[in-house]
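S.K.: Based on what follows, work out the 3D shape:
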Amino acid sequence: MVLRIVRLGSPRAEQEGTRIGTVRRPPRGVPKAEFATQNWYDVWFPLLAPSAETMKDGQAAVAAGDDAAWQAFVRRYRSEMKAPEAEQALNLLAALSHTSNLSVGCYCDTEARCHRSLLRELLAARGADLA
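M.R.: Predicted coordinates for the structure are as follows:
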């Protein structure tokens, strides 16, 4: 069993399992009934998305290519993931990765400048079986 970190909207891997959208907002212009069939996600789980303000700052840092601003985003997002609800969610996903195939993801083009790179690290630190 394995947990994959994916770009939402990308083709699914064979036996990817349940795709979880760790995004603040659903995809624009896509009917809710088509989220899964269009490879966005099966379950929306915004609890692991950056807060709206943090997300805005992260997007601005990426657009500007500002490494210092990106590091500020990283610190803020990691701080948000220390909230009890987020910690519990991360622990749950890590545990599920030992018994089920599943994936978590975001819309960003490049994982290295997306909160999903940080999710990968946070899940790995909890012993998740990652692809």
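
S.K.: Show me where the protein has its strands.
M.R.: 3-7, 18-21, 43-44, 102-106 (DSSP state E).

S.K.: possible to save those strands as TSV with mean pLDDT, distance to residue 131 and mean neighbour count?
M.R.: C-beta here means a position set from N, CA and C on the backbone, and glycine is covered the same way. Below are these laid out as TSV (pLDDT from 0 to 100; distance: least, C-beta to C-beta, whole Å; neighbours: other C-beta atoms under 10 Å):
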stretch	mean pLDDT	distance to residue 131	mean neighbour count
strand 3-7	97	4	20
strand 18-21	98	13	21
strand 43-44	97	18	16
strand 102-106	97	8	24
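
S.K.: nearest to residue 75, of these?
M.R.: strand 102-106 (18.4 Å; C-beta to C-beta).

S.K.: quick one: buried residues of the lowest-mean-pLDDT helix or strand in the chain?
M.R.: Within the chain, no helix or strand scores below helix 52-64, which has a mean of 93 by mean pLDDT, DSSP states H and E. Neighbour-count burial for helix 52-64 flags 54, 55, 57, 58, 61, 62 (criterion: 16 or more other C-beta atoms under 10 Å).
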